[in-house]
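# requesting a structural model of the entry that follows:
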Amino acid sequence: MAINEQTRLATAGHPVVLYDGVCGFCQRAVQFILPRDRKGSFRFAALQSEIGQSLLQEYGLGNASPDTFVLIDRGHAYTRSTAGLRVLRELGGAWSWLFAAIIVPRPIRDYVYGVIARNRYRLFGKADACLLPGPDVRARFLDRA
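Modelled structure (predicted):
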């Protein structure tokens, strides 16, 4: 499952968010990012997609569970709470202030993340299919049909 040249071009210079494509909470997170990413920087792919799996393998995260939120940015892969905080920082404005939570030790941040992740389907539901992006943002989804 190597990443093809078209995917490399689509992600060049863009942070990539990998999310659980059937998780209601994760889909809401993507829907939260889209309108706040005024520069259109972020690209998205479901963890379950071929592209998502290829990126996980490339960054040594092939054993990542579906509850892992991943941000690939500038040649580094960030997971769980660190990924979420870095996304907020990239959104800019008041959202970037939340990056200050990075001073909380990662085990504590990831514990809270884990509680939410373990209960995400029960709390937010599970979709039958991955998020279908609208035509205005479809090009930002790497695993679009």
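
# got the contact list for the residue positioned nearest the centre of the chain?
For the chain, the residue nearest the mean C-alpha position is Val17 (2.8 Å; C-alpha atoms, centre = their mean). Val17 makes contacts with Val30, Ile33, Phe42, Arg43, Phe44, Ala45, Phe69, Val70, Leu71, Ala83, Val87, as judged by C-beta atoms under 8 Å, 6 or more residues apart in numbering. From N, CA and C alone the C-beta is placed, and that goes for glycine too.

# if we use 6 Å, what do you get?
For Val17, the contact set (C-beta atoms under 6 Å, 6 or more residues apart in numbering) comprises Phe42, Phe44, Leu71.

# out of these, which is most surrounded?
Among the contacts of Val17, Phe44 has the most neighbours (other C-beta atoms under 10 Å), with 25 neighbours.

# now do the SS call for it.
Following DSSP: H, G, I helix; E, B strand; the rest coil, we place Phe44 in the strand state.

# for Arg106, see how far away it is.
For Phe44, the distance to Arg106 (C-beta to C-beta, to the nearest Å) stands at 24 Å.

# one more: Leu55?
The gap separating Leu55 from Arg106 is 22 Å, by C-beta to C-beta.

# with that, I have no additional questions.
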